[in-house]
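Asker: this one's sequence-less:
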């Protein structure tokens, strides 16, 4: 059997930092190997190095061979990626190796339509006519579950939800039917029904002979797709073996900790409910002819968590923006602490804004790229700072340590942090002014399971200590069950089901809710 991709003794260093050390694995054609581990473990560095994209300041040693060696016999000649010229690497990427980037939310060109983005590789690497390329783009968008593919092909990324952008990136990655697909968190931000469709799509590619390297923090997704699992920690492989062996009978303590951190479907035990802090009545929001939120009402009480679930484009994020008064409803209104909120002019909302914070799905894009973490958090502390209106170093250190970060991150820019570290900085920024309410838009979607568990425990502890109220938007039904007291299920801008979280999970009434629950990947199945 020939390995389509063979990685041997791979090490990647950045100055004195060893990001990856002595990593080896093989992926035969038609197989899927998954790399799992917490943020900073070296998963994404390994993936990018295979693509020849480790970076100019990286020192790479070891071997990355495409089309060899023969696992049952003598080595075959192949392409040695570590020695390949830039021209050769450009030829390999797209045609032979497809890549679904972890940063799918910002991976698309904001100035071009989705259709043009996907068609680019077809224009460069095929002889298809413009009409044929257009048809192929529509086929690709349909294959990844994109609703209204013809319409979406003509839209720019900023006109799409996070989940729709993610699907467009996957469509672009598979456009040329690459022999190797590197999928770095391919189902992040996707609801369970779309995740199931993407996994079916990837499984179909694998069955047709495509080799897949899957990078994922979602062990249920790994169990569904991968035949072999590599567990990394601090750049080193701590365990490797068949998926069944590693996930069912883990040998290393770190692997056991990862598995133990997976949300297990247990019910949230909430705090006693206080008075209403947010009340929405008949809220509607249109964008042109599209109704994004349609006559939605809800009540959020002090010390409680209201979960909102639904597929991409269901109106969840628009509802969050309405709650934050970043959008004005076309009908209906939202009150904050019993006082007009969305109906008030911004000058009247300014003094109350510190009372409602936000944690966004795409943490990196929410930061000013010119600022260090210290500057971002000092600005967020604002008037809560104790010395002359300025944050002290001790306050900043306490803040980052509270979300599981070391004080050394204060001097760094968010762009050089891992995805998990960026999200924790976003959470630190949100809690800095001590708000009463936090709107959480996919706050743990980019985190590995161990850090996810820590962040959820942190949010729960803050809620209990300060009586915080959360509007918690997520596609992860295991997470929403763990954190929410009440639940809204949205589809096409409408709330199709609501109720106590456990009641909805135990006896869903709407067919859409039943479909969502049935599609959830199960680590233990």
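Answerer: Looks like it came in fine. Because the structure is predicted, anything quoted here is derived from the model rather than measured.

Asker: for the longest helix along the chain, name the packing helices and strands.
Answerer: Secondary structure of the chain read by DSSP state H shows that its longest helix is helix 449-466. Here helix 449-466 touches helix 253-260, helix 419-431, strand 469-473, helix 477-483, going by 3 or more C-beta pairs under 8 Å, 6 or more residues apart in numbering; DSSP states H and E. (C-beta placed from N, C-alpha, C; glycine too.)

Asker: deepest-packed of those, please.
Answerer: Among the helices and strands packed on helix 449-466, the stretch with the highest mean neighbour count (mean count of other C-beta atoms under 10 Å) is strand 469-473, at a mean of 26.

Asker: the inter-axis angle of that strand versus helix 449-466?
Answerer: What separates the directions of strand 469-473 and helix 449-466 is an angle of 150 degrees, with axes from the mean of the first three to the mean of the last three C-alpha atoms, to 10 degrees.

Asker: which residues touch residue 36?
Answerer: 43, 215-217, 219, 222, 229-232, 258, 448 (C-beta atoms under 8 Å, 6 or more residues apart in numbering).

Asker: and it, how far from residue 252?
Answerer: Relative to residue 252, residue 36 is positioned 12 Å away (criterion: C-beta to C-beta, to the nearest Å).

Asker: find residues that contact each of those two.
Answerer: Shared between the contact lists of residue 36 and residue 252 (criterion: C-beta under 8 Å, 6+ apart) are residues residue 231.

Asker: for the helix or strand containing residue 241, which outside residues touch it?
Answerer: Element membership for residue 241, per DSSP states H and E: strand 236-242. Strand 236-242 is touched from outside by 21-25, 42, 227-232, 246, 250-252, 254-255, with contacts defined as C-beta under 8 Å, 6+ apart.

Asker: ranges for the helices of the stretch 201-350 of the chain?
Answerer: The residue ranges that make up the helices of the stretch 201-350 of the chain, judged by DSSP state H, counting those that start in this stretch, are 219-225, 243-248, 253-260, 316-323, 346-349.

Asker: now render the ones you listed as a markdown table, adding mean pLDDT.
Answerer: Formatted as a markdown table, these follow (pLDDT from 0 to 100):
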| stretch | mean pLDDT |
| --- | --- |
| helix 219-225 | 91 |
| helix 243-248 | 94 |
| helix 253-260 | 92 |
| helix 316-323 | 95 |
| helix 346-349 | 92 |
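
Asker: what's the most buried one of the ones you listed?
Answerer: Using mean count of other C-beta under 10 Å, the stretch among those with the greatest mean number of neighbours is helix 316-323 (a mean of 24).

Asker: what's that helix packed up against?
Answerer: Taking 3+ C-beta pairs under 8 Å, 6+ apart as the contact definition, the neighbouring helices and strands of helix 316-323 are strand 276-287, strand 290-301, strand 305-309, strand 437-441, strand 469-473.

Asker: angle of it against strand 305-309?
Answerer: Angular relation of helix 316-323 and strand 305-309 on a 0 to 180 degree scale: 140 degrees, by the same axes, to 10 degrees.

Asker: next one: helix 316-323 to chain centre, how far?
Answerer: Taking the mean C-alpha point of helix 316-323 and that of its whole chain, the gap between them comes to 18 Å (C-alpha atoms, centre = their mean, to the nearest Å).

Asker: again with stretch 400-415
Answerer: Between the mean C-alpha point of stretch 400-415 and the mean C-alpha point of its chain there is a distance of 20 Å (C-alpha atoms, centre = their mean).

Asker: buried stuff in it?
Answerer: Taking 16 or more other C-beta atoms under 10 Å as the neighbour-count basis, stretch 400-415 is seen to contain the buried residues 400, 402-405, 407, 409-410, 413-414.

Asker: who's in contact with that stretch?
Answerer: Contacts to stretch 400-415, defined as C-beta under 8 Å, 6+ apart, come from residues 363-364, 367, 369, 371-374, 376-377, 396-397, 417, 421-422, 424-425, 427-428, 431, 451, 454-455, 458.
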